[in-house]
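Asks: only geometry, no sequence info:
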């Protein structure tokens, strides 16, 4: 079991997790950097935990963590080894490995972030081949009646046929006539393309161009000619539309084509591009025995999971459909949509997933579950799973299913179905929720679809249209599956976030990583942070909402610019937070390309609290006026720029700038620290520390521990509006932190006018002073690790980070970026990538100059990734030497 570490810490900054309302972050995106690219996304999450928590997130949805079929390059949905989180049994997952996941879990726990695991119960991928009589029976017994009854054919890319030959089989050299046709003869399969490929253990891929079938190739059964095929070569064919309906292929096997003691004729008949048909091999005539040997053909599927590296989570073909249990391989529950489709009614499947989920919670430490593709398996499985977890003392804080349905009534029925299988004590212990695809579609269209009436948002979603409890709903704007139009909200998706982050009755909001901050996409970090601040301070737990600009609204509106169809204005009341008891909030979102200028009526009746003369402050500071006053007609004036939004609350103006002071001296040696504090903190205000006028991420409380030089100020505001800056405090840390640079010959310390002492060693732990090396510059005499310690006139000391210097006799003639080596430091593998050809040899040395390993590159494709396995190397520094025609490039990395 995972051993949790108890940390005694001083929490500096304001964290919102004491509140009841969640804001979830989807902590990844489709193309997140993976270990196969030399990246560690698990470390990114661990390192950003404090900042994310301070921003207002209190749960984070992680990518699938179990080993996938495509290992370090996969998003994880091709799930393979349930209990293998990487590293422990060899390769890393794309996300990371168990050691790093444990460290990430510690970091998330430290900052009160609930880790949500992405769990896949619908399918499994990349198993080993095994004989599958159930699939054989399904394929060979499929017929027109079954097809017309809605039953589906078995996907041709998920099975392989084989025929034992050689040895005692009685089958060997001779001509094999392979006869293929549609099992049902349905017109629905006519003209669908497929590829025939046959090989033996001895003779595989021949690297020859594909063959194309000829018309009317039905062979002897149709009194037609046939087509010749050969081992290791593709034959392109189609299901015949009418006529004889058969394709016959003549395969001539000689004694040179197979292993005589025992071999196998492997036959695949895969449809092209997933365009499945029900074709199968109904006959194989063998001239050597002068008989039809089709009855000896067997079927294999990739469903053997009995020898995974973790040695746990065993499954075989009986866990998958078809397996003899009733199924149609059709509809939401039974269709073979992804990989090998699991039978969630099969008891061994149920037991395996129950125990695995319990292990993920108890051993790994996840506290929430995101259930993938819940519409594709029975709700009984989900309900019973939650009962099992509760009965075993595990109550997930968040459970959300992905039911990819845009109809709100369908989402409600799927939610209700799961609850119908949950015991009463389970229902009382947890909330099962669904992602609100219906609301997402309406918000997407409001953002992107010109002419869409934004007021439809008010009647969309699981809460507004189906009256579902907010705790059973997760609202979102974009996610990893929505990577292109028309699914994703592409134009100003922040307008969608303005709605879900200011309307808690609609559900628990989930923010997508790529919308929050990502270098390759528009980023709304600051905007979303301010919306979350407004949410927590003034909106959370609102019990009532009145959509002021809904269709047939009773509230008078006078538009001077913009209009009702391109804007949303609503009023919230009866919040549970301490900042606005007995007060209301008004939100306006302008989807128009023109400014919104409107006198809009507000609700002054119970249970709302606005009255004539009340003054509302624009707490985000985005409108044309800082205040809105309820006039005698019970209206307020709203003025917003195009494609913008804001929030108005009845709060008192901030009249004074904050005053900050230091707990001690503000000039000290490196390694010291000083606490900066605000004299007065208002829990309903927002705070942001700045250093040299730049925001310090995550520093949003009334105190700040300072360890680096700079000019510090504290900004106090209402979620960014009415901001006041404090007095400034200058902190000076001595000496300036040194760095080591090199021109290839000498080493240079970046800090001047101090005392120097250069050090050398064969490793970081073996550094020792170099006698007489007390200048700002030093010329190395041997390869190794160098460092420099400095002392200033105040006797303050610091040491530069180590610099590895390698004595190379051949100068580099190629640009340094010709070769990339990553990650650095590395743990179990080091990746290298070359941008050109011509590298003849690669050598790896340790710090003592000992040659560790070599590699030669043949037919290297520039830009492709190659690896050295360093899992069992000792920790320390290593060098890679890349030999080109007229140069050598040396790269150093650290193994930890």
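Replies: Structure received. For clarity, every value in this text was computed on a predicted model and none was experimentally measured.

Asks: for the stretch 551-700 of the chain, what spans make up the strands?
Replies: Ranges of strands within the stretch 551-700 of the chain are 557-561, 567-573, 585-590, 596-601, 615-618, 627-629, 635-640, 644-649, 660-662, 667-669, 674-678, 686-691, 694-695, based on DSSP state E, counting those that start in this stretch.

Asks: partner residues bridging the nearest residue to residue 366 once chain neighbours are set aside?
Replies: Leaving out its chain neighbours, the residue that sits closest to residue 366 by Cβ to Cβ, 6 or more residues apart in numbering is residue 117, at 4.0 Å. Glycine gets a C-beta too; all of them are placed from N, C-alpha and C. Beta-bridge partners of residue 117, counted by DSSP bridges, are residue 369.

Asks: adding mean pLDDT as columns, could you present the strands of the stretch 551-700 of the chain in JSON lines?
Replies: Output for those, formatted as JSON lines (pLDDT from 0 to 100):
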{"stretch": "strand 557-561", "mean pLDDT": "97"}
{"stretch": "strand 567-573", "mean pLDDT": "98"}
{"stretch": "strand 585-590", "mean pLDDT": "98"}
{"stretch": "strand 596-601", "mean pLDDT": "98"}
{"stretch": "strand 615-618", "mean pLDDT": "95"}
{"stretch": "strand 627-629", "mean pLDDT": "95"}
{"stretch": "strand 635-640", "mean pLDDT": "98"}
{"stretch": "strand 644-649", "mean pLDDT": "97"}
{"stretch": "strand 660-662", "mean pLDDT": "97"}
{"stretch": "strand 667-669", "mean pLDDT": "94"}
{"stretch": "strand 674-678", "mean pLDDT": "97"}
{"stretch": "strand 686-691", "mean pLDDT": "95"}
{"stretch": "strand 694-695", "mean pLDDT": "92"}
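
Asks: residue 398 is nearest to which of these?
Replies: strand 567-573 (23.3 Å; Cβ to Cβ).

Asks: what lines up beside the closest one in the sheet?
Replies: Paired strands of strand 567-573, with direction, are strand 544-547 (antiparallel), strand 585-590 (antiparallel) (DSSP bridges).

Asks: burial check on residue 667, number of neighbours?
Replies: Neighbourhood size, residue 667 [other Cβ atoms under 10 Å]: 14.

Asks: the helices in the stretch 51-200 of the chain, which residues?
Replies: In the stretch 51-200 of the chain, the segments counted as helices under DSSP state H, counting those that start in this stretch are 98-110, 133-140, 144-148.

Asks: what about the residue nearest to residue 366, distance to residue 681?
Replies: To residue 681, residue 117 is 36 Å away according to Cβ to Cβ, to the nearest Å.

Asks: outline the domain layout of this structure.
Replies: 128-304, 542-649, 660-734, 740-805, 816-895 (automatic domain parsing).

Asks: which element is the residue nearest to residue 676 when sequence neighbours are not counted on?
Replies: Take residue 676 and drop its neighbours on the chain: the residue closest to it by Cβ to Cβ, 6+ apart is residue 704, 4.7 Å away. Following DSSP states H and E, one finds residue 704 within strand 703-706.

Asks: that strand packs against which elements?
Replies: strand 674-678, strand 710-718 (3 or more Cβ pairs under 8 Å, 6 or more residues apart in numbering; DSSP states H and E).

Asks: what lines up beside the first one in the sheet?
Replies: Spelled out, that is strand 674-678. According to DSSP bridges, strand 674-678 has the following sheet partners: strand 660-662 (antiparallel), strand 703-706 (antiparallel).
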